[in-house]
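Peer 1: What follows is a predicted protein model with its sequence.
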Amino acid sequence: MNRAAPPLGQVQRWMHEALRAPGGDTDARLAEMIAPPGRIQALDALGIYQRSYYQRLLTCMREQFPALCRALGEQLFTDFAREYLREHPPESYTLYDLGRRFPGYLEASRPDRDAAEAEREVWIDFMVDLAAFERLLFTLFDMPGCEGQPLADASTPDAALRLQPAFALGAYRFPVAVYYHGVREEKSPDLPPLEPSHVALVRKDFLTRTVPIGPTQHTFLKILAEVGSVPRAMVDLCTRHGLDRAAVEHSWSEPGGVRERWIDAGFFVPA
Amino acid sequence: MTEKSTEVLGRDLGLGLGLRNVHFEHILEHWPAVDWFEAISENFMDSGGRPRDVIRRVAERYPVVLHGVSLSVGSTDPLNLDYLARLKALAAEIQPAWVSDHLCWTGILGQNSHDLLPLPLTEEALDHVAARVDRVQDFLGRRLILENPSSYLTFSHSTVEEPAFLRALAERTGCGLLLDVNNVFVSAFNAGTDPQAYLDDFPFERVVQLHLAGHSHRGTHIIDTHDCPVRAEVWELFARAWEATDGAATLLEWDGDIPNFETCHAELLKARDFMDGPTHAAAPAPLAADGRDAVSTPVDFMSPTAMAAVRGDQT
Ligand SMILES: [Fe+2]
């Protein structure tokens, strides 16, 4: 062997650290690790890997959070994402996992995190919510679904309606879904005001839809996800929240009502 | 194309294309006359959505090969058995002609760079990789095919040339080889060595598959971008490799700025012009660098177009 060859694990720890935190190596160290240059100097050769490391991951982050990237502006988004990647280097074999911890990171690293809630910056709340929404939306793409199996239809009895697997609920302090779709439609939306929003995400025929719902509907669907059956969820909703059973049942089953719209949107499979 | 090819039928699958998200619709609609497809394993192994559905349907009609980027066979971290189990499950479902990955490492200490990083080529590394290839092959219950990576640096303490390293690895473990002639060109150019000399020493008898791709010439160095047509010098290497491997299964990789399916297919079919041996006169590739930032192993290689499949009921 040439010289005293460093063990493989040591070489890998060195190179990986050099990718994550470029600039930490002396010329002597580089000369020790990297062969005399062919056409490019050791530093430039390592630089190709260093640049690619962040560029690759940042491109992927921008793809996973397109609306947040627009809201923050590409430069600021990239700064946040780079810091995030520094603090939470990817650990999974799949890039699908890359943005999983980003919403939590944004919340944990906000400069006003120690301030009283009323004193916190509202726009940061929005960014955190938008990140959480986009992450949830992203996971719908590959989660198990029910394509290829029949969905529930108008004839399915209430007792046989089950939430389908590619389904998720979100509750936010801002109308994040409206903002998201504004960005996707190239409408350059303004940052929305503080205004709670609830949304159901559902995938049907490999297309993910965001369906706006009201707060009571959100609660109902949450209960439904726990208890499984629509009639039980309805009883639970009314008792837990002191709602009038007849009014709830009417808005559920009236023509063009909740039942019909949610069945159309593909929320349910037959039991 | 009704009967699926398996590895038993050999390595002569013909001319194949990478199975990419942007081409899904075209493929499902037209069932184009491509000989076979190569799928990036990680883009499909965890999918319960469209990618999984597409690969199932494609595998019913075409031979498919699974090509991984995250095995990290050269890492000193423990092998990721969860990853291997998912790969094995995908292979059981898709019945690929073979399963491949790269002679590289992707991370350490539980972290993943998502890059195909070069190994120091030493006896120590050979022992290490060979032991892991054995374990992977045992686990998967099938032969592993390993590809020569593109590289931008070589380690000063390397003692073995890559062709000799791959030869020894294949002899020890029985693994097959995927020879990427574009990577040969890229690595040789960057190291200032002769790609033909690389091929002089390559164990062609172990080659199951060839890769073709485009690269980005930066004047002083070349980046393996897979975002343009195959360069003339690479076709020349292909012609030699095709002859020396007696027509191994050949695949075109196009991962960045992916054009429409027909353009990719037409580029692949140019391979036919180079099947008469390495005497074909090839024009030199332009040296001029384009202005874009080049990222090695482009991200489209691994990232889904998930956010494109979203619709809103907001109005
Ligand atoms: Fe390749």
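Peer 2: In hand now; what should we look at? Numbers count the residues shown, from 1 in each chain, chains lettered A, B, ... in the order given.

Peer 1: OK, contacts around residue B:204?
Peer 2: Applying C-beta atoms under 8 Å, 6 or more residues apart in numbering or on different chains, we find residue B:204 in contact with B:179, B:241, B:244-245. Where C-beta positions appear, they are placed from N, C-alpha and C, glycine not excepted.

Peer 1: My error: substitute residue B:211 in the last question.
Peer 2: Counted by C-beta under 8 Å, 6+ apart, residue B:211 has contacts B:147, B:178-183, B:250-253.

Peer 1: before we move on, back to that, give me the subset of the contacts of residue B:204 lying in helices.
Peer 2: B:241, B:244 (DSSP state H).

Peer 1: pLDDT value on residue 6, please?
Peer 2: No chain was given, so I picked chain A. On pLDDT, residue A:6 comes in at 91.

Peer 1: my question was about chain B
Peer 2: pLDDT, residue B:6: 41.

Peer 1: now residue B:291
Peer 2: 48.

Peer 1: which residues of the stretch 201-315 of chain B score low on pLDDT?
Peer 2: Along the stretch 201-315 of chain B, segments meeting pLDDT under 70 span B:277-306, B:313-315.

Peer 1: helix/strand/coil for residue A:201?
Peer 2: strand (DSSP: H, G, I helix; E, B strand; the rest coil).

Peer 1: Tell me if the helix or strand where residue B:189 lies is near the ion.
Peer 2: Counting by DSSP states H and E, the element that carries residue B:189 is helix B:181-191. No - counting by C-beta under 5 Å from the ion, the ion has no neighbours in helix B:181-191; the shortest distance is 5.8 Å.

Peer 1: neighbouring contacts of that helix?
Peer 2: With C-beta under 8 Å, 6+ apart, helix B:181-191 has contacts from A:35, A:38-40, A:45, B:147-154, B:162, B:194-195, B:198-199, B:210-215, B:221-224, B:230-231, B:233-234, B:237-238, B:241, B:253.

Peer 1: Could you list the buried residues of it?
Peer 2: B:181-191 (16 or more other C-beta atoms under 10 Å in any protein chain shown).

Peer 1: Stretch B:260-280 now?
Peer 2: B:261, B:264-265, B:267-268, B:271, B:274, B:278.

Peer 1: How about stretch B:232-244?
Peer 2: B:233-242, B:244.

Peer 1: Ok, stretch A:107-118 next?
Peer 2: So, applying 16+ other C-beta under 10 Å, buried residues of stretch A:107-118: A:107, A:110.

Peer 1: Now do that stretch: everything it contacts.
Peer 2: Counting by C-beta under 8 Å, 6+ apart, A:83, A:87, A:119-121, A:124, A:128 sit against stretch A:107-118.

Peer 1: How about stretch B:86-95?
Peer 2: B:4, B:6, B:39, B:41, B:44-46, B:55-56, B:59, B:64, B:66, B:68, B:71, B:99, B:139-142.

Peer 1: now these: which count as buried?
Peer 2: B:4, B:39, B:41, B:44-46, B:55, B:59, B:64, B:66, B:68, B:71, B:99, B:140.

Peer 1: ok, so of the residues you listed, who is nearest residue A:155?
Peer 2: residue B:55 (34.1 Å; C-beta to C-beta).

Peer 1: circling back to that earlier point, most neighbours of all the contacts of stretch A:107-118, which one?
Peer 2: Among those, residue A:128 has the most neighbours (other C-beta atoms under 10 Å in any protein chain shown), with 22 neighbours.

Peer 1: got a markdown table for the buried ones among the contacts of stretch B:86-95, with secondary structure and distance to residue A:5 too?
Peer 2: As requested, those are exported to a markdown table (DSSP: H, G, I helix; E, B strand; the rest coil; distance: C-beta to C-beta, whole Å):
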| residue | secondary structure | distance to residue A:5 |
| --- | --- | --- |
| B:4 | coil | 46 |
| B:39 | strand | 37 |
| B:41 | helix | 32 |
| B:44 | helix | 39 |
| B:45 | coil | 35 |
| B:46 | coil | 38 |
| B:55 | helix | 42 |
| B:59 | helix | 44 |
| B:64 | strand | 40 |
| B:66 | strand | 34 |
| B:68 | coil | 28 |
| B:71 | coil | 24 |
| B:99 | strand | 31 |
| B:140 | helix | 31 |
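
Peer 1: Now do the same contact list for the closest residue to residue A:153 other than its chain neighbours.
Peer 2: Closest residue in space to residue A:153, ignoring its immediate chain neighbours: residue A:263 at 6.4 Å, by C-beta to C-beta, 6 or more residues apart in numbering or on different chains. Residue A:263 makes contacts with A:151-154, A:156, A:161, as judged by C-beta under 8 Å, 6+ apart.

Peer 1: pretty sure residue A:263 is in a strand, no?
Peer 2: No - assessed with three-state DSSP, residue A:263 is helix; it does not lie in a strand.

Peer 1: Please read off the pLDDT at the residue nearest the centre of chain A from the model.
Peer 2: With distances taken as C-alpha atoms, centre = their mean, residue A:135 lies nearest the centre of chain A, 0.4 Å away. pLDDT, residue A:135: 97.

Peer 1: Now for the buried residues of stretch B:260-280: which two are most distant?
Peer 2: B:261 and B:278 (29.2 Å).

Peer 1: Residue B:81 contacts residue B:136, correct?
Peer 2: No - between residue B:81 and residue B:136 there is no contact under C-beta atoms under 8 Å: 10.2 Å.

Peer 1: neighbour-wise, which of these two wins?
Peer 2: residue B:136 (23 against 11).

Peer 1: Distance of the spatially closest residue to the more buried one that is not a sequence neighbour relative to residue B:123?
Peer 2: The shortest distance from residue B:136 to any non-neighbouring residue, by C-beta to C-beta, 6+ apart, is to residue B:144 (5.4 Å). Going from residue B:144 to residue B:123 by C-beta to C-beta, to the nearest Å gives 21 Å.

Peer 1: Which residue of those two possesses the greater neighbour count?
Peer 2: residue B:144 (22 against 13).

Peer 1: and residue B:250, what are its bridge partners?
Peer 2: Counting by DSSP bridges, residue B:250 is bridged to residue B:15, residue B:210.

Peer 1: ok, it to residue B:187 distance?
Peer 2: From residue B:250 over to residue B:187 (counting by C-beta to C-beta), the distance is 19 Å.

Peer 1: Ok, residue A:77 next?
Peer 2: Distance from residue A:77 to residue B:187, by C-beta to C-beta: 34 Å.

Peer 1: next one: residue B:30
Peer 2: In terms of C-beta to C-beta, residue B:30 sits 36 Å off from residue B:187.

Peer 1: circling back: neighbouring contacts of the following helix or strand past the helix holding residue B:189?
Peer 2: Going down the chain from helix B:181-191, the next helix or strand is helix B:195-200, by DSSP H and E. Contacts of helix B:195-200 from elsewhere in the structure, counted by C-beta under 8 Å, 6+ apart, are B:161-163, B:184-185, B:187-189, B:233, B:237, B:240-241, B:244.

Peer 1: pretty sure residue A:227 is touching residue A:236, no?
Peer 2: Yes - counting by C-beta under 8 Å, residue A:227 does reach residue A:236; the two are 6.2 Å apart.

Peer 1: From the buried ones among the contacts of stretch B:86-95, pick the one nearest residue A:70.
Peer 2: Of the buried ones among the contacts of stretch B:86-95, the one sitting nearest to residue A:70 (C-beta to C-beta) turns out to be residue B:46, at 27.7 Å.

Peer 1: in stretch A:75-86, what counts as buried?
Peer 2: Applying 16+ other C-beta under 10 Å to stretch A:75-86 flags A:77-78, A:80-81, A:84-85 as buried.

Peer 1: what about that stretch and chain B, touching?
Peer 2: No - applying C-beta under 8 Å from any C-beta of the partner chain, one finds stretch A:75-86 out of contact with chain B, separated by at least 10.5 Å.
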